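> sequence first, predicted coordinates after that:
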Amino acid sequence: MKFASYSIHFTAAGVLTLCGILFFAAPATAEDIENKALTTETNAVPESKAAPEKTDWAQAAHQSTESLLKHFWNSTGRYFNAESLDSTHFNYWPQAHAMDVVIDAWLRTRDSKYSDYFSPWYEGIREKNGGRYWNVFFDDMEWIALTLLRLHDATGEEKYLNTARRLWGFIQKGWDNETGGISWKSDHLWSKNACSNGPASILASRLYRISRDEKDLDWAKKIYAWEREHLFNPETGAVADHFSDRTGTKAGVPLSYNQGIFLGAAYDLYKLTGEIQYLQDAEKAATFTITSRSTLDRRNGILRDEGRGDGALFKGIFIRYFVQLMLEKELKPEIRAQYRDFLYHNAEVLWTRGVKQEELLFSQSWSRPPGDSTQLTAQTSACMLLEALAFYEKSQPVTK
């Protein structure tokens, strides 16, 4: 997929916590917060005035996901349309994230009306994609495979796991045996992107959880190590977009998407290995994202508008992995509070200013509603935020 605003091609999108299905993933240390490269970058979010008790976030998630299904599900083709108004256009990688929202809703409710979409979607996207799940974009295949693993976790059906395994075989072919890194696209092997390496490491980690095959864990570590060396700035927590073998340099402004999948990969490895460096990396990537000029809409104190099309989905992907991290018991209380404030503030702005109330539709900006129609990427991203917050609240201990 191509994100025109940056002339960069992005293609395609959780850890539920290990007691449930992998849904949402780890926090910043005090040392990270004190890092001048972060603290001089402007505030992340105004002091939180969020009052979660005033909004029923489970109901907000329910209403928004119902709107996603109402306005985007193509019952004939069995996939999600790319636009909300009279469009049957098919875009492959957002299908994974839209189905992730449906899985989130099923986990929240255990209502079979949501699981009824699972198998039709699985068949529908294959037919619409030319009778196959393979794609020239490695990240597209990674996102579809990650969603298939969630479907396998939810249903126990082997067809989802088997297809994810087949895709994993294709994805491994994108690895450069000489210089490392997974390429962005099969005919652009010199370009190794955050969007093709972060999800690949997450996929390998989650396959390892299922199979306990050490080869999968080795892949997860190897891919992550390459991305950390070539795209991650350990001083600030910023993740560059891509590394070019032609120039030997990294490039691209930090995007919420790349930040989220890097922290997700780091956090998954922390949960598997217990190695603190992974947790610290995840914290730095998260803290950078919620404090940096490059990733924030500073006027509103929320994640910034990253454009239409593919870019409209980026924020929701960050939030999914951010919330996984927020649930880590090893987080320091002050970091947990900082992250919590940021999550609630984004949701409050979205729910009070970023929604078209009549139809419960969202735009690519979480601070303003859409016009007559909106894109699947924008709607899905907003739904991911609301489902994530509902999941976060459900995961909190009950206090008397």
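Right, received. Where do you want to start? If you're wondering where the values come from, they're calculated on a predicted model, not measured in any experiment.

> so what's the most centrally placed residue in the chain up against?
The centre of the chain sits closest to I317, judged by Cα atoms, centre = their mean, with a distance of 2.2 Å. Contact analysis of I317 by Cβ atoms under 8 Å, 6 or more residues apart in numbering lists 13, 97, 256-257, 260-261, 381, 384. The C-beta positions use only the backbone N, C-alpha and C, and glycine is treated the same way.

> any figure for the gap between it and C195?
Per Cβ to Cβ, to the nearest Å, I317 is found 10 Å from C195.

> now swap in G130 and tell me
Noted for G130: a distance of 22 Å to C195, by Cβ to Cβ.

> more crowded one of those two?
It is C195, of G130 and C195, that has more neighbours when counted by other Cβ atoms under 10 Å, with 33 against 9.

> so where's the stretch 201-350 of the chain uncertain?
Across the stretch 201-350 of the chain, nothing is flagged by pLDDT under 70.

> rewinding a little: can you say which helix or strand has the residue nearest to the centre of the chain in it?
helix 314-326 (DSSP states H and E).

> now do that helix: distance to the chain's middle.
In terms of Cα atoms, centre = their mean, to the nearest Å, the centre of helix 314-326 is found 6 Å from the chain centre.

> and what of stretch 279-294?
Per Cα atoms, centre = their mean, the displacement of stretch 279-294 from the mean C-alpha position of its chain is 15 Å.

> for it, buried residues please.
By 16 or more other Cβ atoms under 10 Å, the buried positions in stretch 279-294 come out as 279-292.

> swap in stretch 125-135?
For stretch 125-135, burial by neighbour count (16+ other Cβ under 10 Å) applies to 125-126, 128-129, 133-135.

> export these to a markdown table and tack on distance to P199?
Putting those into a markdown table (distance: Cβ to Cβ, whole Å) gives the following:
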| residue | distance to P199 |
| --- | --- |
| I125 | 17 |
| R126 | 20 |
| K128 | 21 |
| N129 | 18 |
| Y133 | 15 |
| W134 | 16 |
| N135 | 13 |
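
> tell me which two in those residues are the farthest apart.
K128 and W134 (13.3 Å; Cβ to Cβ).

> before we move on, back to that, identify, from the buried residues of stretch 279-294, the entry nearest to R212.
L279 (21.9 Å).

> for that closest one, which non-adjacent residue is spatially closest?
Once flanking residues are discounted, L279 sits nearest to Y270: 4.3 Å by Cβ to Cβ, 6 or more residues apart in numbering.

> next structured bit after whatever helix or strand the one you found lives in?
Counting by DSSP H and E, the element that carries Y270 is helix 256-273. Once the chain leaves helix 256-273, the next helix or strand it forms, by DSSP H and E, is helix 276-291.

> quick one: strands adjacent to the next helix or strand after that next one?
Toward the C-terminal end, the helix or strand that comes next after helix 276-291 (DSSP H and E) is strand 296-297. Strand 296-297 sits in its sheet next to strand 302-303 (antiparallel), going by DSSP bridges.

> skipping its backbone neighbours, what lies nearest T295 in space?
In this structure, T295 finds its nearest non-sequential neighbour in T289, 4.9 Å apart by Cβ to Cβ, 6+ apart.

> could I get the contacting residues of the one you found?
Here T289 is in contact with 237, 254, 256, 259-260, 263, 295, 303, 318, 322 (Cβ under 8 Å, 6+ apart).

> how about the secondary structure of the closest residue to D213 other than its chain neighbours?
Sequence neighbours aside, L207 is the residue nearest to D213 in space, at 7.4 Å (criterion: Cβ to Cβ, 6+ apart). The three-state assignment at L207 reads helix, by DSSP: H, G, I helix; E, B strand; the rest coil.

> Provide a list of residues in contact with L207.
149, 164-165, 168, 213, 216.

> list the residues that contact the nearest residue to I261 once chain neighbours are set aside.
Closest residue to I261 apart from its sequence neighbours, by Cβ to Cβ, 6+ apart: G198 at 3.1 Å. Listed by Cβ under 8 Å, 6+ apart, the contact partners of G198 are 227, 258, 261-262, 264-265.

> from the buried residues of stretch 125-135, which land in helices?
Within these, residues falling in helices by DSSP state H are 125-126, 128.

> for those residues, which one is nearest Q172?
Checking those against Q172 by Cβ to Cβ gives R126 as the nearest, at 20.8 Å.

> tell me where the stretch 1-150 of the chain has helices.
Along the stretch 1-150 of the chain, the stretches classed as helices by DSSP state H, counting those that start in this stretch are 30-34, 36-39, 57-72, 92-109, 112-115, 118-128, 138-155.
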